[in-house]
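S.K.: here is the input, now give the coordinates:
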Amino acid sequence: MKTKVAIQDIDLIHQYVNGDDTAFEALFLKHKDRVYTSIYIIIKDHDLADDIFQETFIKVLHKLREEKYSEEGKFIPWVMRIAHNLCMDHFRKNQKEKIVANDNPEYDILDNLSIEESFKEDQIICDEESIDISKFLELLPDEQREIIVLRHYYDYSFKQIAEMTGTNINTALGRMRYALSNLRKLIKKGKA
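M.R.: The predicted structure follows:
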């Protein structure tokens, strides 16, 4: 059974696809605060969050026009996934630019990352003065780096991370376990 919110979203989507532009405006107004807040939590910059927010809804608009949205009653998770992907694209792009332009030090979101695993056997405590975590994080696969950033820098739950990354909770937990194991090895190797 579909929830009332899901039915309303689906109805608005149908109306928009059938030519009623006010239906998209209603969808936008209904979800804009939640989407913007989730982007801002990740980006921490109002101007950049505004840009990504606009880009998110432009993509949503185009996908709806092209009828590439499948009706599963999951409109807002779909929009949030688009927003999340655009945020991660921004970080990847900036990270690549920073690697190329080493002579231009800028604020790196990963410089302030502190890591503490909730599982006792995997607990890692890093002293920011003696270990530059960002250099080790750059060596991790994208999926592992992403989960560490989302969990420990932005304090998302594993359920939220699973929804944002389009995986299940077990996959998110597994990626965290591998990430921490790999990070521990990289730190030991780097200190030796």
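
S.K.: where in the protein is pLDDT low?
M.R.: Counting by pLDDT under 70, the ranges of the chain that qualify are 1-7, 73, 95-132, 134, 153-154, 191-192.

S.K.: one more time with 80, if that's ok
M.R.: Counting by pLDDT under 80, the chain contains low-confidence ranges at 1-7, 41-42, 70-73, 93-135, 137-138, 149-150, 152-156, 164, 190-192.

S.K.: CA atoms of the helix or strand where Lys30 lies as PDB?
M.R.: Element membership for Lys30, per DSSP states H and E: helix 21-43. Extracted in PDB, the C-alpha atoms of helix 21-43 (Å, rounded to 0.1, in the frame of the first residue of the first chain):
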ATOM      1  CA  ASP A  21       4.000  22.900 -15.100                       C
ATOM      2  CA  THR A  22       2.400  23.900 -11.800                       C
ATOM      3  CA  ALA A  23       2.600  20.300 -10.700                       C
ATOM      4  CA  PHE A  24       6.500  20.400 -10.900                       C
ATOM      5  CA  GLU A  25       6.400  23.700  -8.900                       C
ATOM      6  CA  ALA A  26       4.300  21.900  -6.300                       C
ATOM      7  CA  LEU A  27       6.900  19.000  -6.100                       C
ATOM      8  CA  PHE A  28       9.700  21.500  -5.900                       C
ATOM      9  CA  LEU A  29       8.100  23.500  -3.100                       C
ATOM     10  CA  LYS A  30       7.200  20.400  -1.200                       C
ATOM     11  CA  HIS A  31      10.800  19.000  -1.200                       C
ATOM     12  CA  LYS A  32      13.100  21.900  -1.600                       C
ATOM     13  CA  ASP A  33      14.000  22.400   2.000                       C
ATOM     14  CA  ARG A  34      14.900  18.800   2.600                       C
ATOM     15  CA  VAL A  35      17.000  18.600  -0.500                       C
ATOM     16  CA  TYR A  36      18.800  21.900   0.100                       C
ATOM     17  CA  THR A  37      19.500  21.000   3.700                       C
ATOM     18  CA  SER A  38      21.000  17.600   2.700                       C
ATOM     19  CA  ILE A  39      23.200  19.300   0.100                       C
ATOM     20  CA  TYR A  40      24.300  22.000   2.500                       C
ATOM     21  CA  ILE A  41      25.200  19.400   5.200                       C
ATOM     22  CA  ILE A  42      27.600  17.800   2.800                       C
ATOM     23  CA  ILE A  43      29.000  21.000   1.100                       C
END
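
S.K.: list the buried residues in the helix or strand just after it.
M.R.: Once the chain leaves helix 21-43, the next helix or strand it forms, by DSSP H and E, is helix 46-65. Using 16 or more other CB atoms under 10 Å as the test for burial, helix 46-65 gives Ala49, Ile52, Phe53, Glu55, Thr56, Phe57, Val60, Leu64. For the C-beta atoms, the positions are set from N, CA and C on the backbone; glycine is no exception.

S.K.: that older thread, who touches the helix holding Lys30?
M.R.: Helix 21-43 is contacted from outside by 8-9, 12-16, 46, 49, 52-53, 56-57, 61, 64, 75-76, 79-80, 83-84, 86-87, 90, 150, 154, using CB atoms under 8 Å, 6 or more residues apart in numbering.
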